[in-house]
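Asker: next comes the sequence, and after it the predicted model I'd like to discuss.
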Amino acid sequence: MPSTNTAAIEADDLRKRYGSEVALDGVSLSIPTGTVYGFLGPNGAGKTTTMRILTGLSRPSSGTVRVCGVDVADRRALARHVGYLPETPPLYEEFSAREQLEYVADLRDIAGEVADERIDRYLAEFELLDDADRRISEYSKGMKQKTAFVQSVLHDPDVLFLDEPTSGLDPRAARRIRESILAFADAGTTVFLSTHILPVVEAVADEVGVLYEGRLVAEGPPDAVTSRAATGDSGSLEDAFLAVTSGGEDVVDAEETDSGSERV
Ligand SMILES: Nc1ncnc2c1ncn2[C@@H]1O[C@H](COP(=O)(O)OP(=O)(O)OP(=O)(O)O)[C@@H](O)[C@H]1O
């Protein structure tokens with residue numbers, strides 16, 4: 001576990017082009033260890049691109065990233081620190097959940113007894129135990145998503161990247177994931193959570209960043225971002241989100257940060 005005065009995620013001036021398309025246009029992040037960071041933005045804002053760069057799966061056109069002090073270009077060193085639940089998780093449909101998790105434990109070099117204990121504990125915690133030996137191809141979306149969540153945390157990562165972890169889940173499954181995010185945060189894990197579901201962010205995030213057209217246009221604690229919604233009828237994060245992603249002009253009392261985003 002890195003020391004608490006180290007930023008878990010430190011990104012400096014990330015830029016990413018796909019041909020002539022600018023996906024990221026100078027994103028800087030400094031996220032302290034133990035933070036749950038809600039990463040918001042409309043479709044196409046660059047959230048997935050950012051997460052792929054932060055997890056070493058994609059290289060930025062320019063800019064640097066360190067996660068737990070490790071340059072993300074060093075994927076071998078990065079792997080043990082990071083868990084990633086992508087929007088479309090990699091699961092082998094012909095495996096059962098137990099086989100899938102045993103396979104991941106093996107890839108992660110988790111010792112047999114430790115792996116068995118964790119797999120049983122997580123299967124029980126996520127109410128998958130009764131179906132643990134059925135093929136994943138027979139699972140519901142929620143069961144698949146819970147299996148994928150468990151596989152992303154099996155090695156007890158220092159930093160957990162979650163892309164839409166509760167999308168399409170029923171309330172019970174979504175709550176299980178939310179509770180688990182909070183439990184990991186309590187244990188000191190840094191969680192980087194990308195989602196369109198604003199109540200999830202309101203429920204779990206310590207800090208929110210709003211990405212718009214490849215730039216971070218607002219950043220701060222959810223309450224502060226919320227109270228900055230210019231119209232502010234309900235004072236919801238949704239108001240704030242809509243305000244800052246309409247070009248940023250509705251955000252008042254902005255304090256410029258080094259990265260050019262609105263620090264609230
Ligand atoms: N492999 C790629 N090739 C070309 N363009 C890409 C590629 N991946 C992403 N883009 C473009 O980069 C921009 C950002 O995409 P990205 O998927 O990061 O957005 P997002 O915020 O995750 O969107 P969503 O919420 O819809 O998932 C978009 O304009 C997208 O079309």
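Answerer: It's in. Numbers count the residues shown, from 1 in each chain.
Asker: mind jotting down where the helices sit in the stretch 51-200 of the chain?
Answerer: 75-79, 97-107, 112-125, 141-153, 171-186, 198-204 (DSSP state H, counting those that start in this stretch).
Asker: what does stretch 132-140 contact?
Answerer: 91-98, 100, 123, 131, 143-144, 147 (Cβ atoms under 8 Å, 6 or more residues apart in numbering). Placement of C-beta: from N, CA and C, glycine included.
Asker: whoops, stretch 49-69 was the one
Answerer: With Cβ under 8 Å, 6+ apart, stretch 49-69 has contacts from 2, 6-17, 23-24, 26-27, 39, 71-75, 78, 81-82, 84, 86, 158-159, 161, 163, 192, 194, 211.
Asker: so what's E213 up against?
Answerer: D25, A45, G46.
Asker: name the residues of this structure found near the ligand, please.
Answerer: Applying Cβ under 6 Å from any ligand atom, we find that the chain lies next to the ligand at Y18, E21, A23, G41, N43, G44, A45, G46, K47, T48, T49.
Asker: if we go to 5 Å?
Answerer: Y18, A23, N43, G44, A45, G46, K47, T48, T49 (Cβ under 5 Å from any ligand atom).
Asker: ok, now which ones touch S180?
Answerer: Applying Cβ under 8 Å, 6+ apart, the residues near S180 are E125, F126, F149, V153.
Asker: mind running it again at 10 Å?
Answerer: Residues counted as contacts of S180 (Cβ atoms under 10 Å, 6 or more residues apart in numbering) are Y122, E125, F126, K146, F149, V150, V153, L160, P165, V191.
Asker: tabulate those (CSV), appending neighbour count, pLDDT and distance to G220.
Answerer: Shown next, in CSV, are those (neighbours: other Cβ atoms under 10 Å; pLDDT from 0 to 100; distance: Cβ to Cβ, whole Å):
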residue, neighbour count, pLDDT, distance to G220
Y122, 21, 95, 33
E125, 15, 92, 32
F126, 20, 93, 32
K146, 25, 93, 31
F149, 24, 95, 27
V150, 23, 95, 32
V153, 18, 95, 27
L160, 24, 97, 21
P165, 27, 91, 22
V191, 26, 97, 17
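Asker: max pairwise distance over the residues of the chain next to the ligand: which two?
Answerer: Greatest spatial distance in the residues of the chain next to the ligand: Y18 and N43, 15.6 Å, computed using Cβ to Cβ.
Asker: point out the most buried one among the helices of the stretch 51-200 of the chain.
Answerer: helix 141-153 (a mean of 21; mean count of other Cβ atoms under 10 Å).
Asker: distance from the chain centre to that helix, please.
Answerer: Its chain's average C-alpha position is 14 Å from that of helix 141-153, according to Cα atoms, centre = their mean, to the nearest Å.
Asker: for it, packing partners?
Answerer: On a contact count with 3 or more Cβ pairs under 10 Å, 6 or more residues apart in numbering; DSSP states H and E, helix 141-153 meets strand 82-85, helix 97-107, helix 112-125, strand 159-163, helix 171-186.
Asker: so what touches the third one?
Answerer: Outside of helix 112-125, the residues that reach it under the criterion Cβ under 10 Å, 6+ apart are 97-98, 100-102, 104-106, 108-111, 128-132, 146-147, 149-151, 153-156, 176, 179-180, 183.
Asker: how far off helix 141-153 does that helix point, in degrees?
Answerer: 150 degrees (axes from the mean of the first three to the mean of the last three Cα atoms, to 10 degrees).
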